[in-house]
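K.L.:
Make a model of this:
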Amino acid sequence: MNRYRNDDAFTLLEVIIAFTILALSLAIATQTIARSVITYTRADLLERASDAALEVAATRLSSVGEPGTGQGVLGNGARWSTVAELIEDVDGSPLLAVTIEVTIPEDLTTPYRFTTFVAP
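P.N.:
Sure thing, here's the model as predicted:
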């Protein structure tokens, strides 16, 4: 008979299983947080590009009456360019397809393109 047996303690196998579960949980949590940060960053850049495109649209669309191009830099450093092309609507009436391309200073590799249609 073993006089020193203690049934109140954890076995080595139980401790290894607990640490394995903890490690897997931490790995999943780390991946989830990393994806959340990437998604937040992309959403923030898209919001900045959208705001810049709205600013360009507010100033440029009123003067667009015929096909052409334009470009410039906004006060926040965002570069923009516009291309207006004459197209026909489904009923044959003329429309200008205006594409606004915005490049945000924090993300110079990704141009964001927005297209709208204006009656000339």
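K.L.:
Centre-most residue in the protein?
P.N.:
residue 42 (2.7 Å; C-alpha atoms, centre = their mean).
K.L.:
avg pLDDT for stretch 53-66?
P.N.:
What stretch 53-66 shows for mean pLDDT is 79.
K.L.:
swap that for stretch 31-49, please
P.N.:
Here the average pLDDT along stretch 31-49 is 93.
K.L.:
Mind pulling the model confidence for residue 3?
P.N.:
So residue 3 comes in at 64 (pLDDT).
K.L.:
ditto for residue 118
P.N.:
82.
K.L.:
Is it correct that the residue nearest to the centre of the chain falls within a strand?
P.N.:
No - counting by DSSP: H, G, I helix; E, B strand; the rest coil, residue 42 falls outside a strand, being helix.
K.L.:
For it, give its distance to residue 115.
P.N.:
For residue 42, the distance to residue 115 equals 20 Å [C-beta to C-beta, to the nearest Å]. Quick note: C-beta positions are derived from backbone N, CA and C, even for glycine.
K.L.:
before we move on, what about residue 77?
P.N.:
As for residue 77, its distance to residue 115 is 23 Å (criterion: C-beta to C-beta).
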